[in-house]
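Novice: Following is a predicted model, sequence given first.
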Amino acid sequence: MIKQKTYNNGLKMIVKRLDGVFSVSTGILVGAGSRYETPQNNGISHYIEHMMFKGTDKRTAFEISEAIDGIGGQINAFTTKETTCYYVKSTAEHTEEAVEVLADIFFNSRFADEEAEREKGVIIEEINMNEDTPDDLCMDLLAEAHFGRTGLGATILGPAENVRSFAKNDVFEYLNKFYCPENVVISFAGNITFEQAEELTEKYFANSFSRGGYTPPELKNAVHFGSEFKKKDIEQAHIALAYNGCAYADDYNDYFMLLNAALGGGMSSVLFRKVREELGLAYSVYSYISTYKDCGALCVYAGVNPQKADVALGCILDEIKKFKKNGLSEMEFARAKEQIKGGFIFGQESNASQMLLYAKYLLYTGKVFDFNERINGINAITVDKLNAFITERLDLERYSIAKVSK
């Protein structure tokens, strides 16, 4: 059962009760991410996420961890291009203690100067690690090639010089702009009733916001179809391509998911069979889709021998052209459909996945995600409909490209 409530200040709360589980996942999803940053403050969403765990008015950083460990729970956070999520998982009997800690870091973090300097060093090492992870670096370059140097093309971590420069007033300016009740969803999934979740939300969240008056940022998306290359002294060449996709809640999202599954979404996909199994050109080759509020991308990645990079890229492009020309067979289509449905069903069995799914859908669309409707929509797609979509709507002639190699 799923229930949702919107409070007078604009805060949204959603609950998905899951029978047969003994834990609860609670999340705070904020519509704040690197897409909404400027070149001058790129990286601040991620920086704030880190600093939230560095001490509050009543707890030190160690005491935050100690409080959650003491009830056998887990607490963490992550930042994406469009959202920041703070979440905690606990046994049902300790839900309130876990939620209290989560609310404490969200509303009462001190952002102390001494902690800030230490954490800046941690984040800069994270940036260095990303620089030394060529497939991650390749994906960042691909975003820049496809969307430009700002917005969706900017990195989540930001440049080290930005991180070094962040001051407390920068943090509070950003919090006042984005951490407003109208831009936040509180989500619960697991062994919890709506009444229990409502009580916890009203006790710890609904009346605790001192910020308000959220103004949604203008969404600017200009696809560049560009190219980005970076030299690294590494053993493999890392290649990635990006084609136009669709938005998160677009009616054709399921079509993209199906074609992605068939193209490069698994070990039976077209690209895996041809590039790896038949030709032995890559150990890792796959495709995936990235969806945002108003746009998206269909991406392909391969890690290959540098001496065979041109051959591998040519093969990938040839297979993609054949994919568009020939479409899917009945067998490929059926396999892709069951793969997508299986992913949704498996996700229904994880309260952490459910917490995030319902929170994100509500934050992006203002609506409650309907699982049965989604499965029925996937079932309604036929191989003829999908092949017509691939032929008529999918532009595979224009793409962005990124490469990291010697």
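Specialist: Looks like it came in fine. Remember, it's a predicted structure, so these values are computed and weren't measured experimentally.

Novice: if I look at the nearest residue to Q4 once chain neighbours are set aside, how far off is V122?
Specialist: Counting by CB to CB, 6 or more residues apart in numbering, Q4 lies nearest to I14, which is 4.5 Å off, once chain neighbours are set aside. C-beta coordinates here come from the backbone N, C-alpha and C atoms, glycine included. As for I14, its distance to V122 is 32 Å (criterion: CB to CB, to the nearest Å).

Novice: more neighbours, the two?
Specialist: Neighbours were tallied for I14 and for V122 using other CB atoms under 10 Å; the higher tally belongs to I14 (28 against 11).

Novice: Would you list the phi and psi of that one?
Specialist: phi -140, psi 140 (degrees, to the nearest 10).

Novice: what residues go with each domain of this structure?
Specialist: Per the record, the chain has its domains at 2-204, 227-405, by automatic domain parsing.

Novice: From the chain's centroid, how far away is stretch 18-37?
Specialist: 11 Å (CA atoms, centre = their mean, to the nearest Å).

Novice: Repeat that for stretch 150-170.
Specialist: 18 Å.

Novice: For that stretch, buried residues please.
Specialist: Under the neighbour-count criterion of 16 or more other CB atoms under 10 Å, stretch 150-170 has 150-158, 160, 162-163, 166, 170 buried.

Novice: One more: stretch 396-404?
Specialist: L396, Y399, S400, I401, A402, K403, V404.

Novice: Next up, the contacts around the fifth one.
Specialist: Okay, so that is A402. C138, M139, L141, L142, E144, A145, S227, E228, F229, I239, A240 (CB atoms under 8 Å, 6 or more residues apart in numbering).

Novice: gap between it and D57?
Specialist: Distance from A402 to D57, by CB to CB: 44 Å.

Novice: quick revisit: out of the contacts of A402, who's the most crowded?
Specialist: In terms of neighbours by other CB under 10 Å, the contacts of A402 top out with L142 at 29 neighbours.

Novice: Phi first, then psi, for that one.
Specialist: phi -60, psi -40.

Novice: And for V30?
Specialist: Per degrees, to the nearest 10, the backbone of V30 is at phi -110, psi 140.

Novice: quick thing: my sequence starts at 650, can you match it?
Specialist: In the new numbering, first residue 650, that becomes V679.

Novice: How confident is the prediction for it, by pLDDT?
Specialist: In this prediction, V679 carries a pLDDT score of 98.
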